[in-house]
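>>> My questions concern the predicted model and sequence given below.
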Amino acid sequence: MTSKYIRPSPGIPFRKRLFDLAFTTPGLILISPLLALIGILAWILQGRPILFRQVRPGYRAEPFTLYKFGTMTEALDPQGIPRSDAERLSPFGRFLRSLSLDELPELFNVLKGEMSLVGPRPEDPRYVALYTPEQRGLLAVAPGMTSPASLLYYEEDSLLSGEDWETHYLQRVLPDKLRIELDYLRQRTFGADLRILWRTAMALLGRGASSPGVRLKSRPIERSSPR
């Protein structure tokens, strides 16, 4: 590991950065066969691109490229227009989403210091532009792979159906998520981060059936929704 990765990253306290690296570096080594397998299967079953990339605002709204495995095909209708999300979402992509395996490439964002394991989820730039001054306080720290809001809004996708999904998201879901993230920042401790990671792990392992599960939100957009 080079000093480039060990040095403190903007928006991430040094001890938190060391913990991120201590977890992420061996973690990526251990799951590298899984990442390779997912990539090969995605290529065979969905085609390219294997990785989906999207620019998101990070620390102090500095843009960075968020990585994930693609879950949709590039299917077009006879007029050359992309088909609906339901038609483009592949069976393999649906499987990846059900286990949050499509989010594993975000570990490379953590390794690069663009994200932390725990922190406010990086939101769509269109919605960040609508933040109030208080909500923009979330940009004072690096975004994270998981957070209290992502734990609570496990079923976010199911809340965003219908033609007025974006209005519902902007008026109801997003303000509540941002409120939860701000509360987290006001009370953030290293111990609290460990508890969030533990709850996330238990949810992903299916042991938190009686408590909110987790999708690692906000999902990068492969359509025009905040997923």
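Great, that's in hand.
>>> where exactly do the helices run in this protein?
For the chain, the helices defined by DSSP state H cover 3-6, 14-45, 85-88, 91-98, 106-112, 125-128, 148-152, 156-159, 165-168, 174-186, 190-204.
>>> Please work out which of these is packed deepest.
Here the criterion is mean neighbour count by mean count of other C-beta atoms under 10 Å, and of these the winner is helix 148-152, at a mean of 22. Quick note: C-beta positions are derived from backbone N, CA and C, even for glycine.
>>> out of the helices of the chain, nearest to residue 51?
helix 14-45 (7.9 Å; C-beta to C-beta).
>>> Counting by contacts, list what that closest one packs against.
Packing partners of helix 14-45 (3 or more C-beta pairs under 8 Å, 6 or more residues apart in numbering; DSSP states H and E): strand 63-69, helix 91-98, helix 106-112, strand 116-118, helix 190-204.
>>> thinking again about what came up before, any chance of a markdown table for the helices of the chain, columns mean pLDDT and distance to residue 67?
Output for these, formatted as a markdown table (pLDDT from 0 to 100; distance: least, C-beta to C-beta, whole Å):
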| stretch | mean pLDDT | distance to residue 67 |
| --- | --- | --- |
| helix 3-6 | 46 | 16 |
| helix 14-45 | 94 | 11 |
| helix 85-88 | 63 | 19 |
| helix 91-98 | 86 | 14 |
| helix 106-112 | 96 | 6 |
| helix 125-128 | 94 | 17 |
| helix 148-152 | 89 | 17 |
| helix 156-159 | 61 | 20 |
| helix 165-168 | 79 | 25 |
| helix 174-186 | 93 | 21 |
| helix 190-204 | 89 | 18 |
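>>> could those helices go into TSV alongside distance to residue 64?
Putting those into TSV (distance: least, C-beta to C-beta, whole Å) gives the following:
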stretch	distance to residue 64
helix 3-6	15
helix 14-45	15
helix 85-88	25
helix 91-98	22
helix 106-112	7
helix 125-128	11
helix 148-152	18
helix 156-159	22
helix 165-168	24
helix 174-186	18
helix 190-204	21
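>>> who wins for proximity to residue 58 among the ones you listed?
Nearest of the helices of the chain (C-beta to C-beta): helix 106-112, 8.8 Å.
>>> Now find how far off-centre that closest one is within its chain.
11 Å (C-alpha atoms, centre = their mean, to the nearest Å).
>>> Next: stretch 132-149.
13 Å.
>>> next one: stretch 185-203
For stretch 185-203, the distance to the chain centre is 16 Å (C-alpha atoms, centre = their mean).
>>> So what touches stretch 44-55?
With C-beta atoms under 8 Å, 6 or more residues apart in numbering as the contact definition, stretch 44-55 has outside contacts at 39, 42-43, 63-74, 90-93, 105, 125, 220-222.
>>> just the buried members of those residues?
Using 16 or more other C-beta atoms under 10 Å as the burial test, the contacts of stretch 44-55 include 42, 64, 66-73, 90, 92-93, 105, 220, 222 as buried.
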